[in-house]
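# Return atomic coordinates for the entry below.
(4 chains)
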Number of protein chains: 2
Amino acid sequence: MTKSVAVAEAPEARPYHHGDLRRALILAAERVLEREGPQALSLRAVAREAGVSPAAPYHHFKDKSDLLTAIAEAGFDALGDTIKAAVAVDSEAKMSTMGVAYVRFARDNPALYRVMYDVSRNADGMPDKTHDGEGGGFRMVEQAMIRAGVDPGDDLNLKLWCISAWCSAHGIAEMVGFAQFQPMIEELGGEDRFVEELLGRICHAPSMDTH
Amino acid sequence: MTKSVAVAEAPEARPYHHGDLRRALILAAERVLEREGPQALSLRAVAREAGVSPAAPYHHFKDKSDLLTAIAEAGFDALGDTIKAAVAVDSEAKMSTMGVAYVRFARDNPALYRVMYDVSRNADGMPDKTHDGEGGGFRMVEQAMIRAGVDPGDDLNLKLWCISAWCSAHGIAEMVGFAQFQPMIEELGGEDRFVEELLGRICHAPSMDTH
DNA sequence: ATGCTATCTGAACACCGTTCGGATCGAACT
DNA sequence: AGTTCGATCCGAACGGTGTTCAGATAGCAT
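Residues are numbered from 1 along each chain as shown, chains lettered A, B, ... in the order given. From the prediction side, this is the model:
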């Protein structure tokens, strides 16, 4: 039954086969995640949000967990970009600058951050590009560590400092919202100050090259 | 259809009303958790494991999340006991002693640890008794911190050190299993050594009283 | 014995992840 | 051009899930 008024063509350009689902599904998933939290992130809800049937995603992702992996990967990319941006504005970027940016990302995208590390724990690790290569996260941390006074010659020591900082940032990101810390956060005048104080106790130059 | 051989009475004493479900459900849940992982921890599976109908738990827990909360609470109790035991054998207990015990608990009970912090993040905090009071976790950390050289007079500073250490331990616990760290763990000769190295970079006396 | 209340069951509802057969369409070949 | 082919999508279905509810059961006080 074709429209009698010919092809007014509805505003929603609803393609026959949709062009490029997959990206659309990932974006839909991020929308659902922001709007309704991680509990509501069902495959069916994502398909609904993207306007396709519940079976459609299976042509682009093996599993639900495969979709989650793609979402997590996109999340780590965004996290990397955020930190890169924070470092860009402060070329002397201290550890705490990066750490605060890290935690802030996690706090601004709590549902996404949760998916990122749920996936990582299931996969026994983060996506490789997160830490590998020239633009990888570890390189950024390494450079900040060297600026902070770690001996760049001692490779094992340097790596351990990086991992230590990364783990701490993750722990802080997951716990900073806990209610029992709220009074202290107020006392310090804001979450960022609180995070700086915590990170400052982990990354402080004086003894960084010892051991 | 009663057994023809009269009442041999099966070994399983299956009570009429069951006496004390709730505890039985929590124990059943921990069993399911160990055996099949966190993904398999459904209310129905727990009820099945306890030998009751899927609706029975609702007389003892408001929700599934209410059950999970109880499980998490039991988990935090067990974690506290584990750390207390570690401190007991080494009365000079350093921070790293406690930290290693903490991480080891998380690694020995991965599914339980995951439930513990999933619940905590949903509730915006850990159970109160985890950190409050004389036997609470924070008191233990405080004492170790004081032994490590933090000025016990500066209350804010002391608390920040405790939180910093706790966050780091949590971050390490969640990330130490990541595949990308495995080579380094081997190089260092075991996970405990690796954890000690990381914790050592966080809790080291020289600059602890500086602010 | 009688009722009261807490406990437990069984069936039902909506939702979930996943699979499968069949409809739809773009593109590639003749 | 017409036809075939393969990727994409839909609708319906399966078993499993959380949750609710009417009714059966059993311990406890009167």
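# Can you show me the helices along chain A?
If DSSP state H is used as the criterion, the helices of chain A fall at A:23-36, A:43-50, A:64-89, A:95-108, A:110-122, A:137-148, A:155-175, A:182-188, A:191-200.
# Distance from the least confident helix or strand in chain A by mean pLDDT to the middle of the chain?
Within chain A, no helix or strand scores below helix A:137-148, which has a mean of 89 by mean pLDDT, DSSP states H and E. From the chain centre to the centre of helix A:137-148 is a distance of 19 Å (C-alpha atoms, centre = their mean, to the nearest Å).
# closest to DNA strand D out of the helices of chain A?
Of all these, helix A:43-50 sits nearest to DNA strand D, with 7.0 Å by C-beta to the nearest atom of the strand. The C-beta positions use only the backbone N, C-alpha and C, and glycine is treated the same way.
# That closest one and chain B, are they touching?
No - shown here: helix A:43-50 not in contact with chain B (C-beta under 8 Å from any C-beta of the partner chain), separated by at least 15.0 Å.
# Burial check on the residue lying closest to residue A:197 once chain neighbours are set aside, number of neighbours?
With C-beta to C-beta, 6 or more residues apart in numbering or on different chains as the measure, residue B:160 is the residue that lies nearest to residue A:197, at 5.3 Å, once sequence neighbours are left out. Residue B:160 is flanked by 20 other residues according to other C-beta atoms under 10 Å in any protein chain shown.
# Next one: the closest residue to residue A:114 other than its chain neighbours from DNA strand D, what distance?
Distances taken as C-beta to C-beta, 6+ apart put residue A:38 closest to residue A:114, at 5.1 Å, once the chain neighbours are dropped. Separation of residue A:38 from DNA strand D (C-beta to the nearest atom of the strand, to the nearest Å): 15 Å.
# now do residue A:52
Plainly put, residue A:52 is 3 Å away from DNA strand D if you go by C-beta to the nearest atom of the strand.
# Can you pull the phi/psi pair for that residue?
With angles defined as degrees, to the nearest 10, residue A:52 sits at phi -130, psi 170.
# what's the answer for residue A:20, then?
The phi/psi pair for residue A:20 (degrees, to the nearest 10) is phi -130, psi 80.
# how close does it get to residue B:176?
Going from residue A:20 to residue B:176 by C-beta to C-beta, to the nearest Å gives 39 Å.
# the more surrounded of the two?
Remark: of residue A:20 and residue B:176, residue B:176 carries more neighbours, 20 against 10, as counted by other C-beta under 10 Å.
# Looks like that one contacts residue B:107 (just checking).
Yes - using C-beta atoms under 8 Å, residue B:176 makes contact with residue B:107 at a distance of 7.0 Å.
# Common neighbours of these two, please.
Common contact partners of residue B:176 and residue B:107 (C-beta atoms under 8 Å, 6 or more residues apart in numbering or on different chains): residue B:191.
# List the residues that contact residue A:198.
Per C-beta under 8 Å, 6+ apart, neighbours of residue A:198: A:168, A:172, B:160, B:163, B:164, B:167.
# which stretches of chain A aren't confidently modelled?
A:1-18, A:93, A:203-211 (pLDDT under 70).
# Return the residues of chain A in contact with DNA strand C.
A:16-17, A:40, A:42-45, A:54-55, A:58, A:63-65 (C-beta under 7 Å from any atom of the strand).
# In TSV: these, plus neighbour count and distance to residue A:79.
Shown next, in TSV, are those (neighbours: other C-beta atoms under 10 Å in any protein chain shown; distance: C-beta to C-beta, whole Å):
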residue	neighbour count	distance to residue A:79
A:16	5	36
A:17	6	33
A:40	12	22
A:42	14	24
A:43	19	24
A:44	12	28
A:45	17	24
A:54	13	30
A:55	10	32
A:58	15	28
A:63	11	23
A:64	15	22
A:65	15	20
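# what's the spacing between the residue nearest to residue A:114 and residue A:55?
As judged by C-beta to C-beta, residue A:38 and residue A:55 stand 23 Å apart.
# cool, residue A:71 as well?
Per C-beta to C-beta, residue A:71 is found 19 Å from residue A:55.
# Just to check, residue A:73 is in contact with residue A:126?
No - the pair residue A:73 and residue A:126 does not pass the contact test of C-beta under 8 Å, sitting 9.2 Å apart.
# So for these two, which residue has more residues nearby?
Neighbour comparison, residue A:73 and residue A:126: the larger count goes to residue A:126, with 23 against 18 (by other C-beta under 10 Å).
# quick one: contacts for the more buried one?
A:76, A:120, B:178, B:180.
# which residue packs closest to the second one, ignoring adjacent ones?
Nearest in space to residue A:120, with sequence neighbours left out and distances taken as C-beta to C-beta, 6+ apart, is residue A:126 at 4.9 Å.
# now the contacts of residue A:126 in TSV, with distance to residue B:98 and neighbour count?
TSV is the format used below for the contacts of residue A:126 (distance: C-beta to C-beta, whole Å; neighbours: other C-beta atoms under 10 Å in any protein chain shown):
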residue	distance to residue B:98	neighbour count
A:76	31	22
A:120	26	21
B:178	22	19
B:180	26	16
